[in-house]
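> Need coordinates for the below:
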Amino acid sequence: FMTPSGKIELWSTWFESWGLEPIPYYEEPPFSPYSTPELFKEYPLILSTGRRSSVYFHAEHRMIPWMREIDPDPVVEINPETAERLGIKDGDWVYIENMFGKCRRKAVITPIVPPWMVMVPHGWWLPEKQGSEPVLYGTWEININNLIPMGYTGRSGHGCPLKNMICKIYKAEGPP
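Predicted coordinates for the structure are as follows:
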């Protein structure tokens, strides 16, 4: 093992030497049903941006036509119960919004996602849109990072609420 002791370390001697908590601990995310219950009333879904596309590598290759044929649109995966409650159908364009921003995505209704969560692949941009400011390939319209805050990290200075933000979703007037 690549640790100072050469063993599995539940007590991290590296963390200890850096002045950090040497044993694993749990810290509630900065925005959640438990840490911000009042905000959760307005944004009642957990947003995970950890979903990856099997076609693209992060934000790369959106401009390759045959890849766009396979995975053409920026999507959000929504549980059928949640979609029905919100009047959203498969293929509808929706807004995902929280206190930091919003973006537009195409709804994919799937039982894979729990009713209290939405899953969003990251790294989307639209090569068919203008690349210069203010459009920036549609970034301000469809990029899920519009909803992710800067500066919220764990005690170690690492991490970001990419897989545990809160949000709401609602129908949009159409595609970006």
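
> count of neighbours near residue 52?
12 (other Cβ atoms under 10 Å). For glycine as for every other residue, the C-beta is placed from the backbone atoms N, C-alpha and C.

> hang on, it packs against residue 124?
No: between residue 52 and residue 124 there is no contact under Cβ atoms under 8 Å: 11.6 Å.

> Common neighbours of those two, please.
Taking Cβ atoms under 8 Å, 6 or more residues apart in numbering as the contact criterion, residue 52 and residue 124 have no common neighbours.

> Residue 14 should be in a helix, yeah?
Yes: assignment of residue 14 by DSSP: H, G, I helix; E, B strand; the rest coil places it within a helix.

> ok, it - contacts?
3, 4.

> what's the spacing between it and residue 156?
11 Å (Cβ to Cβ, to the nearest Å).

> Over to residue 52?
25 Å.

> got it, and residue 167?
Counting by Cβ to Cβ, the gap from residue 167 to residue 156 is 26 Å.

> so which strand or helix has residue 89?
Taking DSSP states H and E as the definition, one finds residue 89 inside no helix or strand.

> right, and it touches residue 106 too?
No: the pair residue 89 and residue 106 does not pass the contact test of Cβ under 8 Å, sitting 10.9 Å apart.
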